[in-house]
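[1] Build me a model from this:
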Amino acid sequence: MNIFRLAGDMTHLMCVLVLLLKIHTIKSCAGKSRYLFPSPSLDQGTFRHFFLVLPCLVLALVINEKFTFKEVTWTFSLYLEAVAILPQLVLLQRTKNIDNLTVQYVFLLG
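    Now for the predicted structure:
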């Protein structure tokens, strides 16, 4: 068992739990990017996702352990998860809506 993978999975789990706690507490998804919750009412959530998806796909096709469908899709998901926090950070910068649970969520996601 890889201790780094286990630690990463546990912080990701804590991140999701903090997110669910925030949503349950304030009864709203305010302050979360469209990447997490698609919603046409979020004016600030206009991050162009293809700027993240396309480079991750190219990297997954070029840099992988072996060129199989399973390995390339797994590598793509790893690269995409590494940059998935960017839409949330852009939204936080635009709205200036930062509270304690949002900070904890972003910290754990990072």
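[2] C-alpha from now on. contacts and neighbour counts both.
    Noted.
[3] can you give me the helices in the protein?
    Assigned by DSSP state H, the helices in the chain fall at 3-26, 50-62, 69-83, 86-95, 100-109.
[4] Throw those helices into CSV and include mean pLDDT and mean neighbour count, thanks.
    Listed next are the helices of the chain as CSV, based on pLDDT from 0 to 100; neighbours: other Cα atoms under 10 Å:
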stretch, mean pLDDT, mean neighbour count
helix 3-26, 81, 14
helix 50-62, 90, 15
helix 69-83, 86, 16
helix 86-95, 77, 17
helix 100-109, 73, 16
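[5] roughly how far apart are the residue positioned nearest the centre of the chain and Ile26?
    Central residue of the chain (Cα atoms, centre = their mean): Ala84, 3.4 Å from the mean position. Here Ala84 is placed at a distance of 24 Å from Ile26 (Cα to Cα, to the nearest Å).
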